[in-house]
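Asker: kindly return the folded structure for what I paste below:
(4 chains)
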2 protein chains.
Amino acid sequence: MSKVKTKPRKASVSADKVAELAGVSRSAVSRAFTDGASVSPETRAKVLAAADQLGYHVNHLARGLLWHRTGIVCLIVAGMQAPFQASIVEIITRRLQAIGKVVMVLNTSGEAEGVEAALRQTLNYRADATVVISGTPPASLVKTCLENGQRVILINRADPIKGPEFISVENRTPALEACLMLKRAGCRRVAVINSTAGTPGLEMREKTFVEAAAEHGLEVSVSRAGPTGYQTGVDSARQVLATSRRPDGVFCVTDLLALGFMDTARLEFRMNIPEDLCVIGFDDIPEAGWLGYELTTFRQPLSEIADHIVAIVEKEDAEPGQPVVLPTQVVWRKTVRP
Amino acid sequence: MSKVKTKPRKASVSADKVAELAGVSRSAVSRAFTDGASVSPETRAKVLAAADQLGYHVNHLARGLLWHRTGIVCLIVAGMQAPFQASIVEIITRRLQAIGKVVMVLNTSGEAEGVEAALRQTLNYRADATVVISGTPPASLVKTCLENGQRVILINRADPIKGPEFISVENRTPALEACLMLKRAGCRRVAVINSTAGTPGLEMREKTFVEAAAEHGLEVSVSRAGPTGYQTGVDSARQVLATSRRPDGVFCVTDLLALGFMDTARLEFRMNIPEDLCVIGFDDIPEAGWLGYELTTFRQPLSEIADHIVAIVEKEDAEPGQPVVLPTQVVWRKTVRP
DNA sequence: TTGTAGGCGTTATCAG
DNA sequence: CTGATAACGCCTACAA
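Answerer: Numbers count the residues shown, from 1 in each chain, chains lettered A, B, ... in the order given. Got it, this is the predicted structure:
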């Protein structure tokens, strides 16, 4: 934790100056900017005018010092540039801003170490709450956050830590459903395309699908060719489709994997989708709806996730509620025969 | 600016408590956490142990009060979920974190009003700097930021405001180059696909391309079917390709437009790319490199943009430097005949 | 309704 | 090397 030493910058205009210019006291200035404080319209007007002239803005940081609430919510995320992560950050920032919060984004490598460092920052800035989208923080640190009155919200994590709030999406039901959809489409040999990430959600989807497939008498294989992303979908397809026993149906635990898989199947193996190969994804990222893909997938309920986050951030008592598990929704498009 | 009234939360552990537990003074605690301060290893160890036991973390907000620097950099952006925006946010957050800054993301609607509100927040939180990726803030407000010692950095904005720092990407050269590339590929009738956004950069690309095309004796048309995005590319293609005088080469001012255009041309108009139609994009978003597209495009130098942002954030003097205009780089893929 | 005094958590300054 | 003290900018009693 190295601190770079630098000279202080020019001070910004404070309430003192405004008070002086307006010919009132510091408190009057404070009150003019506090909702529901008792100020005469006159005084208030004078203060506002002076503030405007000087370019004064209330210092939320100093204010947070007194209130023990900063209005800051931290978002810990890795690989924000990926479509799903980008979408979730987009909607969360928007919703939190709507309730007067401001979002601090901490971009981690996703590794445990990075998440831990990010969570420390969270403490340093006295965030009111922290939302962890990627990675799992150490339980001890989560405890510290909680003790400091900070809410901790874990998204799509099923880790058995006690203390934080959990919001996640169903994994078993859609994985099961995917298997059924492929079977109904007449597929005999299926495959799960996963990544090496080892995220609990992805693992659960894979496991459930494999079990269901076996149970339904489907030949099933698993591929994990690399990190979660388009290229891994490509690599998986190259491996999986090159074998003598090509699958005729695949469940990709992520849309991005599915898109890479589809492109490769079509362009390098000249397969037709869904005639020769059925593909199912997960997430419903915007790209899945593009004309070139029209991927059948499971939609993550981003809006509902955001709703729950907002509710947790706003609630008064710090007691964590029951874990929230949200259902996904099948989005039927054109990569699976009906 | 309504402030919701809420009870203060539980106070978090402060240096006082740590000092008490460690049996030293507040100052000692402070020094233990300050790089290069003179503390005996002993004292330091005691403090650190106590801090760890109590879960103490330095309050950066209180610290910022003294230093007039908070370590916060604000990022004003609209439509973060779009690939290009997501990529730039990703790289900027990463780089700024690397120099010990923390990024606050303000998601605006992109309208002037939203940008203004976002910039006000920036002031409220005493950010060291603000990076505006989307939209143009009012000049007066920028002035206020500057006066408060806050750096203001505008990305891809050519607005004639005085005061902020400008980092942008060349628009004329690539637009010109695009025209030449299409001509060399044997195109006779070309089109520019733009959006209704009216961003200075996009306008410049369109204008330059149109002029160049006319100069080179190419028949040229312009389409602006909606906001910047995939769907607008689709809509443009439906309009432009349905006419009797179909273009055989298009320059899309954004990759996303190009991808929508390509999908529509291929699937709805059964055109082959690049045989029947050459397509050039701009930005080089990850999707442009996907097997299904292999779009020839101009790469925005995200890394260099981030470099300049970091340099500006770190520099001591507040004087704005010369506007920085970065060159783009052609990425030859497969949508233009060589 | 207004002003004054005290404190929030931290660091810089100055004695010791 | 250590501890007391005075800021930083703000809010909230309290008294006027």
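Asker: touching chain B at all, stretch A:269-277?
Answerer: No. Where contact is defined by CB under 8 Å from any CB of the partner chain, no part of stretch A:269-277 touches chain B; the two come within 11.5 Å at best. No exception for glycine: its C-beta is placed from N, CA and C like everyone else's.
Asker: residues in contact with that stretch?
Answerer: Outside stretch A:269-277, the residues that touch it by CB atoms under 8 Å, 6 or more residues apart in numbering or on different chains are A:185, A:237, A:241, A:247-250, A:262, A:265-266, A:279, A:334-337.
Asker: and that stretch, end to end?
Answerer: End-to-end distance of stretch A:269-277: 11 Å, with CA to CA, to the nearest Å as the criterion.
Asker: what comes up buried for it?
Answerer: In terms of neighbour count (16 or more other CB atoms under 10 Å in any protein chain shown), stretch A:269-277 has its buried residues at A:271, A:273-274, A:277.
Asker: and the residue in the stretch 151-300 of chain A positioned nearest to DNA strand C, what does it touch?
Answerer: Sorted by distance to DNA strand C under CB to the nearest atom of the strand, the residues of the stretch 151-300 of chain A start with A:R151, at 18.2 Å. With contact set as CB under 8 Å, 6+ apart, A:R151 has these partners: A:128-130, A:165, A:312-313, A:318.
Asker: which of the contacts of stretch A:269-277 are buried?
Answerer: Among the contacts of stretch A:269-277, those scoring as buried are A:185, A:237, A:241, A:247-250, A:262, A:265-266, A:279, A:335-337 (criterion: 16+ other CB under 10 Å).
Asker: sorry, back to before: got CSV for the buried residues of stretch A:269-277, with secondary structure too?
Answerer: Rendered in CSV, the data for the buried residues of stretch A:269-277 read as follows (DSSP: H, G, I helix; E, B strand; the rest coil):
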residue, secondary structure
A:M271, coil
A:I273, coil
A:P274, coil
A:L277, coil
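Asker: sorry, back to before: PyMOL command for the buried members of the contacts of A:R151?
Answerer: Remark: buried members of those, expressed as a PyMOL selection using 16+ other CB under 10 Å:
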select buried, chain A and resi 128+129+130+165+312+313
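Asker: mind putting the contacts of A:R151 into CSV with secondary structure, distance to B:D52 and pLDDT?
Answerer: Formatted as CSV, the entries for the contacts of A:R151 read as follows, by DSSP: H, G, I helix; E, B strand; the rest coil; distance: CB to CB, whole Å; pLDDT from 0 to 100:
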residue, secondary structure, distance to B:D52, pLDDT
A:D128, coil, 24, 94
A:A129, strand, 23, 95
A:T130, strand, 20, 96
A:E165, strand, 25, 94
A:I312, helix, 28, 95
A:V313, helix, 28, 94
A:A318, coil, 22, 77
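Asker: picking up where we left off before, how about CSV for the buried residues of stretch A:269-277, with pLDDT added?
Answerer: Formatted as CSV, the entries for those read as follows, by pLDDT from 0 to 100:
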residue, pLDDT
A:M271, 98
A:I273, 97
A:P274, 97
A:L277, 98
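Asker: residues contacting the closest residue in space to A:P164 that isn't next to it in sequence?
Answerer: Distance criterion CB to CB, 6 or more residues apart in numbering or on different chains; nearest residue to A:P164, sequence neighbours excluded, is A:V152 at 3.9 Å. A:V152 makes contacts with A:129-130, A:132, A:137, A:142, A:145-146, A:163-165, as judged by CB under 8 Å, 6+ apart.
Asker: does A:V152 have beta-bridge partners, and which?
Answerer: A:T130 (DSSP bridges).
Asker: still on that earlier bit, ok, and of the contacts of stretch A:269-277, which contact chain B?
Answerer: Judged by CB under 8 Å from any CB, the overlap between these and the neighbourhood of chain B comprises A:262, A:266.
Asker: check the secondary structure at A:A175 for me.
Answerer: Under three-state DSSP, A:A175 comes out as helix.
Asker: quick one: A:I193 and A:D255 touch, right?
Answerer: No. The pair A:I193 and A:D255 fails to qualify as a contact (CB atoms under 8 Å) at a distance of 10.9 Å.
Asker: and chain A, what are its domain boundaries?
Answerer: Following the assignment in the TED database, chain A carries domains at A:13-57, A:68-162, A:170-299.
Asker: quick check, the first one touching DNA strand C?
Answerer: Yes. With CB under 7 Å from any atom of the strand as the threshold, domain A:13-57 lies in contact with DNA strand C, specifically through A:24-28, A:31, A:38-40, A:42-44.
Asker: now the domains of chain A as TSV including distance to DNA strand D?
Answerer: Converted to TSV, those look like this (distance: least, CB to the nearest atom of the strand, whole Å):
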stretch	distance to DNA strand D
domain A:13-57	3
domain A:68-162	10
domain A:170-299	41
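Asker: turn these into CSV, including distance to B:W67.
Answerer: Converted to CSV, these look like this (distance: least, CB to CB, whole Å):
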stretch, distance to B:W67
domain A:13-57, 15
domain A:68-162, 14
domain A:170-299, 39
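Asker: ok, which of those domains comes nearest B:H216?
Answerer: The closest approach between B:H216 and any of those, judged by CB to CB, belongs to domain A:170-299 at 31.4 Å.
Asker: tell me the pLDDT at A:L106?
Answerer: On pLDDT, A:L106 comes in at 95.
Asker: just give me the neighbour total for A:G36.
Answerer: One way to gauge burial is a neighbour count; for A:G36, by other CB atoms under 10 Å in any protein chain shown, it gives 9.
Asker: how far does stretch A:307-320 sit from its chain's centre?
Answerer: Averaged C-alpha coordinates place stretch A:307-320 at 17 Å from its chain's average position (CA atoms, centre = their mean, to the nearest Å).
Asker: what's in contact with that stretch?
Answerer: By CB under 8 Å, 6+ apart, stretch A:307-320 touches A:73, A:92, A:95-96, A:98-99, A:101, A:128-129, A:131, A:146, A:149, A:151, A:153, A:163-165, A:167, A:321, A:324, A:326, B:6-7, B:9-10.
Asker: ends of it, how far apart?
Answerer: Stretch A:307-320 has an end-to-end distance of 16 Å (CA to CA).
Asker: so which bits of it are buried?
Answerer: Along stretch A:307-320, these residues count as buried under the neighbour rule (16+ other CB under 10 Å): A:307-310, A:312-314, A:320.
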